[in-house]
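In: next one to model:
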Amino acid sequence: MSGLNDPILPGPGATDYERYLRTDELLALQKTPAQMAHRDELLFQTIHQSSELWMKLACFELETVVAHVHAGQLSPAIRLMRRAVAALDQVQGATMMLEQLAPWDYHGVRTQLGHGSGFDSPGFRQIHDLSPRLSLAFDALVAERGLTLRDIYRFSDEHGGLFELAERMLDWDQRLVMWRTLHLKLVERVIGGHVIGTQGTPVEVLGRRLDVRYFQPLWDIRNVLTTEAGTSPR
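Out: Prediction:
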């Protein structure tokens, strides 16, 4: 008779915890000390591998959000939108760990990166693919209900679900702008702001993408509201 501490799940690992999370495989994805050209490769891999996992979760949730919005299901869309945004917060937290990488030590890590670049991130590419799809789904739902963004924002109590979803979408956009800005500043902190990156791209080019926004109308409506508030009685 097996005890409660004995594993019952299939797969490698001494415990069910290890088997369910596949820790044998997970913890083998980083270089061993013998394989490292520099000891800070573990720091660098941990930052970026964990970020890819959080972006995978964020995009998994966002894809479901798009489906919910197409179906007009606002409550589950809002709930998962919050979760997707929270996952981006974890990416930002992981990125902050780059502060722990000394400039000269990074150059020991950099020799091992080949032509690797953040532009090649699967999570980053999926974010870039999914975000416009959410924008189109939201616009279609607003139009289907015969509303405008002005209606939703001027009369948010009447259109609470759409207003809440719009605000969570803005959270997503804002987090991405903040993350890109943080990433650029940390790149400058580690390698400098006037150098060439691993794919031959000047670091300055990253600065041109800082303010990419997927839901620009949600930002623009603030200008409309502020103008109206200043020219008409409330």
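In: and Ala14, how many neighbours?
Out: 12 (other CB atoms under 10 Å). For the C-beta atoms, the positions are set from N, CA and C on the backbone; glycine is no exception.
In: what does Gly123 give?
Out: Residues within reach of Gly123, counting by other CB under 10 Å, total 20.
In: the helix or strand encompassing it: which residues count as buried?
Out: Assigned by DSSP states H and E, Gly123 belongs to helix 122-144. Neighbour-count burial for helix 122-144 flags 123-124, 126-127, 130-131, 133-135, 137-138, 141-142 (criterion: 16 or more other CB atoms under 10 Å).
In: also stretch 48-67?
Out: Of the residues in stretch 48-67, those buried (16+ other CB under 10 Å) are 48, 51-55, 57-66.
In: can you check stretch 73-81 too?
Out: Buried residues in stretch 73-81, counted by 16+ other CB under 10 Å: 74, 77-78, 80-81.
In: take the residues you listed and keep only those in helices.
Out: Judged by DSSP state H, these include 74, 77-78, 80-81 as members of helices.
In: between the buried residues of stretch 48-67, which is nearest Leu101?
Out: Nearest to Leu101 among these: His48, at 11.6 Å, using CB to CB.
In: so what's the closest one up against?
Out: 94, 121 (CB atoms under 8 Å, 6 or more residues apart in numbering).
In: Leu74 now?
Out: Shown in contact with Leu74 (CB under 8 Å, 6+ apart): 68, 161-162, 164-165.
In: so which of those wins on neighbours?
Out: Going by other CB under 10 Å, Leu165 tops the contacts of Leu74 with 24 neighbours.
In: show me what the helix or strand hosting that residue is packed up against.
Out: Using DSSP H and E, Leu165 sits in helix 160-191. Applying 3 or more CB pairs under 8 Å, 6 or more residues apart in numbering; DSSP states H and E, one finds that helix 160-191 makes contact with helix 74-96, helix 103-110, helix 122-144, helix 149-154, helix 203-207, helix 216-231.
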